[in-house]
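> Give the three-dimensional model of this entry:
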Amino acid sequence: MGPEEFNRFYPKECMIFCEGMPGSELYIIQKGTVKITKIVDNSEVLLAVLKAGDIFGEMALLENKPRSASAIAYEDAYLLAVNKANFERMVSAQPQIVARLTQLLAERIWFIYKQLANTLISDPLGRMYDALHIQLEKNRVPIRNGSPYSFDFGPKELVNMVGLPLGEGNMVAQQLLSNKLFRVVEGKINLLDMSEVVKQAEYYRKMQKIEKARKDAQAARL
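Numbering: from 1, shown residues only. Model prediction:
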């Protein structure tokens with residue numbers, strides 16, 4: 001590692017960078033977690049919670065464009081900051097980082113597609129179940145009937161994730177948590193049976209398709 005690469009510490013809830021600001025570094029999480037958020041229709045939407053080994057901020061470095069989202073330390077975070085001057089040397093010394101960045105960009109495209117599909121679900125409770133299912137898919141969690149799973153975010157972050165107004169979102173989150181298979185432990189959502197999320201998400205997606213087909217049929221008759 002060269003002198004222009006820095007190990008940095010960000011305490012919990014500390015802003016790492018803001019959406020729209022210029023950027024010249026990418027970050028690799030050494031320890032802790034970082035949440036990525038974006039302002040959509042004047043509301044903060046949670047895009048991801050990243051863990052040790054994840055890379056973020058790469059587009060500002062690769063394309064020299066302003067930050068497209070904000071990054072905030074979700075827990076105390078230790079990061080390796082890599083600037084453009086040392087990026088090429090880092091790639092030469094660690095060529096596997098190119099494969100990791102390629103995989104990262106592919107995952108981001110997939111995630112954007114899933115998020116767009118999520119916004120089409122009209123039932124807000126269905127959107128929450130679908131958002132939880134997306135997180136299971138994103139983390140490549142093998143779905144097993146009766147197996148528990150602990151998400152690395154809480155109800156507040158889930159409300160942000162689906163882009164609901166705070167008041168409505170809190171009511172819908174309470175409705176979700178009334179399901180006896182859910183618990184909140186130390187501020188994080190715990191699921192007693194991960195197959196419940198899959199079942200509910202598939203149900204709401206099916207209902208959305210039926211609703212769309214009905215509306216399309218009505219429009220065709222006009």
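
> Just the buried positions in stretch 19-28, please.
Neighbour counts over stretch 19-28 (16 or more other Cβ atoms under 10 Å) mark 23, 25-28 as buried. For the C-beta atoms, the positions are set from N, CA and C on the backbone; glycine is no exception.

> Quick one: the strands in the chain, in order.
For the chain, the strands defined by DSSP state E cover 6-10, 15-17, 25-31, 34-40, 43-50, 55-56, 70-73, 77-83, 149-150, 182-185, 188-191.

> ranking the ones you listed by mean pLDDT, which is last?
Here the lowest mean pLDDT among the strands of the chain goes to strand 43-50, at a mean of 84.

> Which pLDDT does the model give residue 1?
On the pLDDT scale, residue 1 is placed at 45.

> Kindly report the same for residue 146.
92.

> doesn't residue 181 make contact with residue 146?
No - using Cβ atoms under 8 Å, residue 146 makes no contact with residue 181, being 10.2 Å away.

> Overlap in contacts, those two.
residue 193 (Cβ atoms under 8 Å, 6 or more residues apart in numbering).

> how is the chain carved up into domains?
6-110, 120-221 (automatic domain parsing).

> how distant is the first one from the center of its chain?
On the basis of Cα atoms, centre = their mean, to the nearest Å, domain 6-110 is displaced by 13 Å from the centre of the chain it belongs to.

> Just the endpoints, please. Distance across it?
End-to-end span of domain 6-110 (Cα to Cα, to the nearest Å): 31 Å.

> what's the residue positioned nearest the centre of the chain in contact with, if anything?
In the chain, the centroid-proximal residue (Cα atoms, centre = their mean) is residue 48; its distance is 2.0 Å. By Cβ under 8 Å, 6+ apart, residue 48 lies in contact with 35-36, 111, 138.
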